[in-house]
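**Student:** I'll drop the sequence and a predicted model, then ask my questions.
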Amino acid sequence: MSLVFALLLVVAAPKPVDLVVTNATVVSMDAQRRVIPKGAVAVDAGRIVAVGAAPDLAAAYAGRETLDAAGGIVLPGLINAHTHAPMVLFRGVADDLKLMDWLQKYIFPAEAKNVTADFVRAGTGLAAVEMLRSGTTTFVDMYYFEDQVAEVAKAAGIRTVAGSTIIDFPAPDNKTRDDAIAYAERFIRRWKNDPLVVPAVAPHSTYIGSPETLRAADALSRREGVPLLIHLQESPDEQKTIRERYAKSSTEHLRDLGLLRKGVLGAHGVWLNASDRAILLQHEVGVAHCPQSNMKLASGAAPVREMLAEGLRLGLGTDGAASNNDLDMFEEMLTAALLSKHASQDPTAAPAPKVLEMATLGGARALGMEDRLGSLEPGKRADLIVVDVGAPRLHPMFDAVSHLVYAAKGADVRHSVIEGRVVMRDRRLLTLDEPAVLAESDRYREQVARSVGLK
């Protein structure tokens, strides 16, 4: 063999990479919103290295591992922009109530009686199983004992933005605000450079957070350079309370306290008026829309049509399973699309492409993390899912994006990849012992039922 021919062979040889996902319709969510009918994605060292036509990638890359999508749809992993993962253990204990009654008469007392580090560990495990099985690859959490949330998420291989809650009354993990701030600081420093865990500060809300508490949480967030998560203008009761207390809206209150900036994520935003939205847009604040929880608690319908038209950083979340009552982001997409149309009486209010964006790139933008998450593009974190299209309701397929929003279910997710690691293959979780997780969560049933007066 001549030297020139040998060099040509070397040049032409496909480059080895960790993983190639192929034989797919690729919904990229990139700047051009490319949908590639016979596409593939190449992954190496936890990052996406190429997205394109399957024959081109086959010639350029040789995967040490291959995932055959079997003609399914490959898309960015879904980002659940607001939840309380451990609250799956309160699923169904307090239904059909107004938000403040639900919180103050049932949830806060139930948390005081039940929530421990072990409880949080068990609940997060169950939530991780449910989310991984239904296509979520990143979840934004606000709860207590957040170290346990982070530990379980890391072991499960699921990405989390984990917010340590700061609240103005004794909480299960910290009895004073100062204790909560100190815990949050330790939590942030422990997890700050982890590849899967992004620590955050989570002051609960303007109505259960004094100006001093909100400023202290903000100072910690800024000092450590981490996100700040907060419930924002969720219900009429919140509107009334804050207006009476401060003669302004929650958004105006946070602005005047100096909290608003990119990297702040407000959950719900149901009662944002035009002035509030302009303030959030100006400061690049994210909003997490949670339609199913908002509907169940009769909190109202968020102005999604307006937020989309105005260009807010809008993501999509399930909220906790105690008020949803599941963590399926496919259901959340469908509900978001239909509720917005119904509430505005405008069938064009939330088109499928925009709703899919809310669940992927929109969630990343809401967090200020669009540089690394939310789309299938070279250089971004390799978080992706494969949706099987074998179910009868997914035939025939004219538009992959329409199918994902209006017809697909979480149970159609066949494979999940996070940070380049296959965490679910052919519907089998590879990082968690699912039967053991379910058994552990069921052990809390009697304790929780007794604590809330259920038989």
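**Tutor:** That came through fine. Residues are numbered from 1 along each chain as shown.

**Student:** what's the domain layout of the chain?
**Tutor:** Domain ranges of the chain: 17-76+382-427, 78-366, per automatic domain parsing.

**Student:** Please identify the deepest-packed of those domains.
**Tutor:** Greatest average neighbour count among these goes to domain 78-366 (a mean of 22), per mean count of other Cβ atoms under 10 Å. Every C-beta, even on glycine, is put in place using the N, C-alpha and C of the backbone.

**Student:** pLDDT of that domain, averaged?
**Tutor:** In this model, domain 78-366 has an average pLDDT of 97.

**Student:** Can you add distance to residue 451 and give the domains of the chain back as TSV?
**Tutor:** Supplementary listing: the domains of the chain in TSV, determined by distance: least, Cβ to Cβ, whole Å:
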stretch	distance to residue 451
domain 17-76+382-427	30
domain 78-366	4
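
**Student:** Which among the ones you listed is found nearest to residue 439?
**Tutor:** Minimum separation from residue 439 across the domains of the chain (Cβ to Cβ) falls at domain 78-366, 9.8 Å.

**Student:** between the domains of the chain, which one is nearest to residue 449?
**Tutor:** That would be domain 78-366 among the domains of the chain, by Cβ to Cβ, at 7.4 Å.

**Student:** Can you check which of the domains of the chain gets nearest to residue 372?
**Tutor:** Nearest of these (Cβ to Cβ): domain 78-366, 7.5 Å.

**Student:** For residue 67, what is the enclosing helix or strand?
**Tutor:** Using DSSP states H and E, residue 67 maps to strand 61-68.

**Student:** Now do that strand: which elements does it pack against?
**Tutor:** Counting contacts by 3 or more Cβ pairs under 8 Å, 6 or more residues apart in numbering; DSSP states H and E, strand 61-68 is packed against strand 15-27, strand 35-44, strand 421-425.

**Student:** at 6 Å instead, please
**Tutor:** The contact analysis (3 or more Cβ pairs under 6 Å, 6 or more residues apart in numbering; DSSP states H and E) places strand 61-68 against strand 15-27.

**Student:** strand partners of the strand it packs on, parallel vs antiparallel please.
**Tutor:** Each strand paired with strand 15-27, and its direction, by DSSP bridges: strand 35-44 (antiparallel), strand 61-68 (parallel), strand 73-76 (parallel).

**Student:** Isn't residue 28 up against residue 378?
**Tutor:** No. Residue 28 lies out of contact with residue 378 (Cβ atoms under 6 Å); the separation is 10.7 Å.

**Student:** show me the contacts for residue 128.
**Tutor:** Listed by Cβ atoms under 6 Å, 6 or more residues apart in numbering, the contact partners of residue 128 are 156, 158.

**Student:** For stretch 292-301, C-alpha coordinates in CSV please.
**Tutor:** Output in CSV follows, covering the C-alpha atoms of stretch 292-301 (Å, rounded to 0.1, in the frame of the first residue of the first chain):
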residue,chain,number,x,y,z
GLN,A,292,-52.4,21.8,34.4
SER,A,293,-51.7,22.9,37.9
ASN,A,294,-53.1,26.3,37.3
MET,A,295,-56.3,24.8,35.9
LYS,A,296,-56.7,22.3,38.7
LEU,A,297,-56.3,24.9,41.4
ALA,A,298,-58.5,27.3,39.4
SER,A,299,-55.7,29.9,39.5
GLY,A,300,-56.5,31.2,36.1
ALA,A,301,-55.1,31.0,32.5
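
**Student:** Ramachandran angles for the closest residue to residue 296 other than its chain neighbours?
**Tutor:** Closest residue to residue 296 apart from its sequence neighbours, by Cβ to Cβ, 6 or more residues apart in numbering: residue 323 at 5.9 Å. Dihedral pair for residue 323: phi -130, psi 20, per degrees, to the nearest 10.

**Student:** Now do the helices in the stretch 201-350 of the chain.
**Tutor:** For the stretch 201-350 of the chain, the helices defined by DSSP state H, counting those that start in this stretch cover 211-224, 236-246, 250-257, 274-282, 291-296, 304-310, 329-344.

**Student:** Let me have these in a markdown table, adding distance to residue 364 as columns.
**Tutor:** Formatted as a markdown table, these follow (distance: least, Cβ to Cβ, whole Å):
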| stretch | distance to residue 364 |
| --- | --- |
| helix 211-224 | 19 |
| helix 236-246 | 27 |
| helix 250-257 | 22 |
| helix 274-282 | 17 |
| helix 291-296 | 19 |
| helix 304-310 | 16 |
| helix 329-344 | 14 |
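
**Student:** Nearest approach to residue 367 belongs to which of those helices?
**Tutor:** helix 211-224 (12.9 Å).

**Student:** Not counting that closest one itself, show me its contacts.
**Tutor:** So helix 211-224 is contacted by 166, 168, 177, 181, 185, 188, 201, 203, 228, 257, 259 (Cβ under 6 Å, 6+ apart).

**Student:** can you list those residues in a markdown table and add distance to residue 34?
**Tutor:** Formatted as a markdown table, the contacts of helix 211-224 follow (distance: Cβ to Cβ, whole Å):
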| residue | distance to residue 34 |
| --- | --- |
| 166 | 42 |
| 168 | 48 |
| 177 | 48 |
| 181 | 45 |
| 185 | 43 |
| 188 | 37 |
| 201 | 37 |
| 203 | 39 |
| 228 | 34 |
| 257 | 42 |
| 259 | 37 |
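
**Student:** Name the nearest of these relative to residue 61.
**Tutor:** Within the contacts of helix 211-224, the smallest distance to residue 61 is 37.5 Å, found for residue 188 (Cβ to Cβ).

**Student:** doesn't residue 199 make contact with that closest one?
**Tutor:** Yes. Counting by Cβ under 6 Å, residue 188 does reach residue 199; the two are 4.3 Å apart.

**Student:** Quick one: residues contacting the residue lying closest to residue 24 once chain neighbours are set aside.
**Tutor:** Distances taken as Cβ to Cβ, 6+ apart place residue 69 nearest to residue 24, at 3.5 Å, with adjacent residues excluded. Contacts for residue 69 (Cβ under 6 Å, 6+ apart) come out as 23-24, 386.

**Student:** same check, this time on residue 29
**Tutor:** 76, 360-361, 375.

**Student:** Specify the local secondary structure of it.
**Tutor:** Assigned with DSSP: H, G, I helix; E, B strand; the rest coil, residue 29 falls in the coil class.

**Student:** coming back round to it: and the angle from the strand holding residue 67 to strand 421-425?
**Tutor:** Angle of strand 61-68 versus strand 421-425, following axes from the mean of the first three to the mean of the last three Cα atoms, to 10 degrees, is 20 degrees.
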